[in-house]
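For reference, the sequence and a predicted model appear below.
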Amino acid sequence: MTASIRRSLSVDLGGLPIATPVMIAAGCAGTGKELGGLVETRRVGAVVTRTITVEPRQGSAPPRIVETPSGIVWSTGLQNPGVDVFLLTELPEWTKGPPVIVSIGGGSLEEYVRLTGALQGRAGIAGIEVHLSGPDEEMQRPVLGAHVDRVTEIVGAVARMSLVPVLAKIPGGVDVVPLAIAAARAGATCLTLTDSPPVWGVRPAAQGRRICPVHRCPGRRCPCRPASHISPSPLRSAPPGSPTASARTRIRVCRRVDI
């Protein structure tokens, strides 16, 4: 007699067990209060909060969202109430549903350390996602996470402090392979691929046409490419005993999908 096999969608996300591999990406669920009438949270494996910073942010001036023939372009500016208000008012709402991963962002190493410290030991926080796409205020660089040295420094600091799994959210529109390797070596439990890539818009000008940067695009097909690039990278093929090989045993890749 053949024993019945119980099928399950549950996965182990680097030490964080979740019921399904479907997660709500950062920023897609508002403050947590909006989910009740829209989604059966029991069907979701985990929820990532909007990105939280040390101080409150007003976000980008409107308009923030524009529909184009190529998709939706947006720039929110990481609007959030700051970590103190988040812990007091928003976190209790999040903890009523599936596991909560808090997204944190900053412009300096000190800010990431302060944020990680503020989250330590808080009930209901199952993981921390490190948003790396903002400007680097210390090094005067436009994208903090586009440089291996900063990814190593910041992800490493968060991973050493954190008592929960750490997800490193790699910026879009850059070479993700060296950044992914750096994050894994620094102690990231998982990788989120990727933040929304920047796009370019062509606008008429007095003298011919000029190309102007437009901030964010969901890029439905974009996450497939970095994920395929990382799979055959040294992250997967390093010899036994190397730093990359040791990271391989625990790394997971979370693909971001915007619908």
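Arrived safely.

Please list the outside residues in contact with the helix ranked longest in the chain.
Among the segments of the chain that qualify as a helix by DSSP state H, the longest is helix 148-161. Residues from elsewhere that reach helix 148-161 (C-beta atoms under 8 Å, 6 or more residues apart in numbering): 104, 109, 112-113, 116-117, 120, 128, 130, 132, 136, 139, 141, 144-145, 166, 168, 178-179, 182-183, 185-189. (Each C-beta comes from the backbone N, C-alpha and C, glycine too.)

what residue ranges in the stretch 101-250 of the chain score low on pLDDT?
Applying pLDDT under 70 to the predicted model, the residue ranges of the stretch 101-250 of the chain that meet it are 200-250.

quick one: the helices in it?
Along the stretch 101-250 of the chain, the segments classed as helices by DSSP state H, counting those that start in this stretch run 109-119, 148-161, 176-186, 224-230, 234-237, 243-248.

tell me the angle the longest helix of the chain makes with helix 176-186.
Between the axis of helix 148-161 and that of helix 176-186 there is an angle of 30 degrees, by axes from the mean of the first three to the mean of the last three C-alpha atoms, to 10 degrees.

Distance of V54 relative to I101?
As defined by C-beta to C-beta, to the nearest Å, V54 lies at a distance of 18 Å from I101.

so what's the closest residue to V85 other than its chain neighbours scoring on pLDDT?
Counting by C-beta to C-beta, 6 or more residues apart in numbering, V85 lies nearest to P56, which is 7.0 Å off, once chain neighbours are set aside. For P56, the pLDDT comes out at 96.

contacting residues around P56?
Contact partners of P56, counting by C-beta under 8 Å, 6+ apart, are N80, P81, G82, V85.

list the buried ones in stretch 15-31?
Of the residues in stretch 15-31, those scored as buried under the neighbour-count criterion (16 or more other C-beta atoms under 10 Å) are L16, I18, A19, M23, I24, A25, A26, G27, C28, A29.

quick check, nearest of those to G45?
Here the nearest of these to G45, counting by C-beta to C-beta, is I18; it sits at 3.5 Å.

ok, and the closest non-adjacent residue to that closest one?
Once chain neighbours are set aside, the closest to I18 by C-beta to C-beta, 6+ apart is G45, at 3.5 Å.

distance of the one you found from V177?
Here G45 is placed at a distance of 26 Å from V177 (C-beta to C-beta).

Please identify which of these two sits among more neighbours.
Neighbours around G45 and V177, counted as other C-beta atoms under 10 Å, are more numerous at G45. The numbers are 19 against 16.

Dump stretch 173-182 to PDB, restricted to CA.
Listed in PDB are the C-alpha atoms of stretch 173-182, where the atom choice follows Å, rounded to 0.1, in the frame of the first residue of the first chain:
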ATOM      1  CA  GLY A 173      19.400  48.700 -13.700                       C
ATOM      2  CA  VAL A 174      22.900  47.600 -12.600                       C
ATOM      3  CA  ASP A 175      25.100  44.500 -12.900                       C
ATOM      4  CA  VAL A 176      23.500  42.400 -10.200                       C
ATOM      5  CA  VAL A 177      26.000  39.500 -10.100                       C
ATOM      6  CA  PRO A 178      28.900  41.100  -8.100                       C
ATOM      7  CA  LEU A 179      26.400  42.900  -5.800                       C
ATOM      8  CA  ALA A 180      24.600  39.600  -5.100                       C
ATOM      9  CA  ILE A 181      27.900  37.800  -4.300                       C
ATOM     10  CA  ALA A 182      28.900  40.700  -2.000                       C
END
